[in-house]
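3D, please:
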Amino acid sequence: MRGRHWMGFAALLLLAACGKPAAEKPAEKEAETPGLTLKAEEIKSLGIVTVPARPAAWRQQITGYGVVTALDTIAVNDAEVLTARAAAAQSQAVAARAQSLSTGEEAAVSRELVETAQSKAAADRAALMLAERKTDAAFGHNAPWHDAASRQAVMARLASGRSVLVRVTFPLGALGNRVPAALQIARLGANPKSWTTSTIWEAPADSAFPGRGFYALLDGSDLAQNEHVTAMVPVGAAQTGVTVPAAALIYGDNEAWVYVQTQPQTFLKTRIDIGKPLGDGYFVADGAGIRAGQNVVTSGAGLLLARETNPST
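As a prediction, this is how the structure comes out:
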């Protein structure tokens, strides 16, 4: 009997356990959205302004430095060549005329006068060669003004200001043995204006500017005489990404950051590399946290940083 009572008691316990409601699972925490989420009125009161990140491409560049050649330096050299060329042409014509008048039975010019004219013509030819060599020594063998027509055209452009002559120097070995197909020349400054030229030739060595030098004719710029510039030569393949305005940058922990708007009222602090300046901002490669068209905070980023660092602010 006792065995039967015990078995019945065990069965009752088992039924009670089966009938007990299952313990409720603890509610899962809602996933937090990364970044700083504000109310609409808070965004307005902080003066937050955003602009979309623009698509951009970037290529590694080799940078050199240069200076706009003073016009008087070019003009003096040009005057020397033109003077020597005119003198050589005139004395050659005089020598030829004297030679023609010294022949025949009724020679009107003595042999002595012919030799004098020929000597003068030879001296003037030598002076012209010297002037042309001085041009080569100053501006290189491949300057685009060796014939009279091209010289006149180039000098007219330089004199009118439509073109400037820029001498640039790159570090030795940076470009190998090639002459760049194009140069991007920019004035110095925080937001430099730049121009591109493809009229480039090698410059003579200059002990004052160690490195490899080039001359470039640049059209359509507003560069002044003797103004210092930078010159860039793109190398390697282009990368795609976006450009972030310089106004969007904030600094902290020895890094540069921007706030990216990930949702209508959420802003995520994103680190960027400022080693690739581009125009009035910085290039950020694809996959580095910012997409083309995504809004970036350009005004109020410092206030966002203060709010995120100290929420009670």
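
Wait, Thr196 touches Ala186, no?
No. Between Thr196 and Ala186 there is no contact, the gap being 9.9 Å when judged by CB atoms under 8 Å. Glycine gets a C-beta too; all of them are placed from N, C-alpha and C.

Tell me which of the two has more neighbours.
Ala186 (18 against 14; other CB atoms under 10 Å).

which residues does that one bridge with?
Going by DSSP bridges, Ala186 is paired in beta bridges with Ser194, Thr230.

List the contacts of it.
Shown in contact with Ala186 (CB atoms under 8 Å, 6 or more residues apart in numbering): Pro192, Lys193, Ser194, Trp195, Val229, Thr230, Ala231, Met232.

Helices along the stretch 201-313 of the chain, start to end?
301-309 (DSSP state H, counting those that start in this stretch).

Could you pull out the strands in it for me?
212-219, 228-245, 250-252, 255-263, 266-272, 277-278, 281-285, 295-299 (DSSP state E, counting those that start in this stretch).

Reformat these as CSV; add distance to Val179 and mean neighbour count.
Putting the strands of the stretch 201-313 of the chain into CSV (distance: least, CB to CB, whole Å; neighbours: other CB atoms under 10 Å) gives the following:
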stretch, distance to Val179, mean neighbour count
strand 212-219, 7, 20
strand 228-245, 10, 18
strand 250-252, 40, 12
strand 255-263, 36, 18
strand 266-272, 35, 19
strand 277-278, 25, 15
strand 281-285, 27, 22
strand 295-299, 40, 21
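
If you average pLDDT over each of these, which is lowest?
Mean pLDDT is lowest for strand 277-278 out of those, coming in at a mean of 80.

ok, residues contacting that strand?
The contact list for strand 277-278, computed with CB under 8 Å, 6+ apart, reads Ala56, Trp58, Thr243, Phe283.

Run me through the strand neighbours of that strand, direction for each.
strand 281-285 (antiparallel).

Kindly calculate the angle that the partner strand makes with strand 295-299.
160 degrees (axes from the mean of the first three to the mean of the last three CA atoms, to 10 degrees).

Low-confidence bits of this structure, can you list those?
The model of the chain has pLDDT under 70 over residues 1-33, 104-107, 190-191, 313.

ok, back up a step: could the strands of the stretch 201-313 of the chain be laid out in a markdown table, adding distance to Arg85?
Converted to a markdown table, the strands of the stretch 201-313 of the chain look like this (distance: least, CB to CB, whole Å):
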| stretch | distance to Arg85 |
| --- | --- |
| strand 212-219 | 22 |
| strand 228-245 | 32 |
| strand 250-252 | 61 |
| strand 255-263 | 58 |
| strand 266-272 | 58 |
| strand 277-278 | 47 |
| strand 281-285 | 50 |
| strand 295-299 | 59 |
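
for the chain, what's the longest helix?
The longest helix of the chain (DSSP state H) is helix 71-101.

and that one, what does it pack onto?
helix 111-139, helix 148-160 (3 or more CB pairs under 8 Å, 6 or more residues apart in numbering; DSSP states H and E).
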